[in-house]
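S.K.: predicted model follows, preceded by the sequence.
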Amino acid sequence: MKKRNNKYFYTLILIFTLFISKNGISQNEKAIEVKFEIDGQEINFAKDIKIILSVNGKDIEPLMYLNGFISPDFKGAKEADVCFIYRRKRYQFKDLPISKFETNWVFGISKTAIEKKYKKKYYLKFNPKDGGDGTQVTIFE
């Protein structure tokens, strides 16, 4: 009988956690869904990637969840830097407007850059949560 009760208990905990992650976010914090691509193929990034936000010279490691992160309160800042760390390599996006933290993201790496003079190409797509056209920032190094 105890095993059966444990099963229900863990199911309730899971449901509660999912409810909190979707509904328990304060007005100053927003959930941002992030997809990760390598050469256009979607990859499960949950365990392989780290995100660091930098606002007014202060680094913030946001609360991550299965397919994204919780955007912190930027306390009136206009811009933030975003750094993705994947397999010890850093992919930096500087001076992103705070309005980009109201969209869903796709972070991508192109290992087969068309122009060979660049060592790496990576991008961050911003897709509006209500649909429509988004924007993209592409970095060539």
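M.R.: Now that the structure is in, tell me what you want to look at. Numbers count the residues shown, from 1 in each chain.
S.K.: identify the bridge partners of Ile85.
M.R.: Lys50, Arg90 (DSSP bridges).
S.K.: pretty sure it contacts Ile49?
M.R.: Yes. Here Ile85 reaches Ile49: they are 6.8 Å apart, a contact under Cβ atoms under 8 Å. C-beta here means a position set from N, CA and C on the backbone, and glycine is covered the same way.
S.K.: list the contacts for Leu63?
M.R.: For Leu63, the contact set (Cβ atoms under 8 Å, 6 or more residues apart in numbering) comprises 69-70.
S.K.: pLDDT weak spots in this structure?
M.R.: By pLDDT under 70, the weakly predicted segments of the chain are 1-29, 45-47, 112-119.
S.K.: got the residue ranges for the strands in it?
M.R.: Here the chain has its strands, by DSSP state E, at 30-38, 41-43, 49-55, 58-60, 63-65, 68-71, 79-86, 89-97, 103-110, 121-128, 135-140.
S.K.: cool, thanks, signing off.
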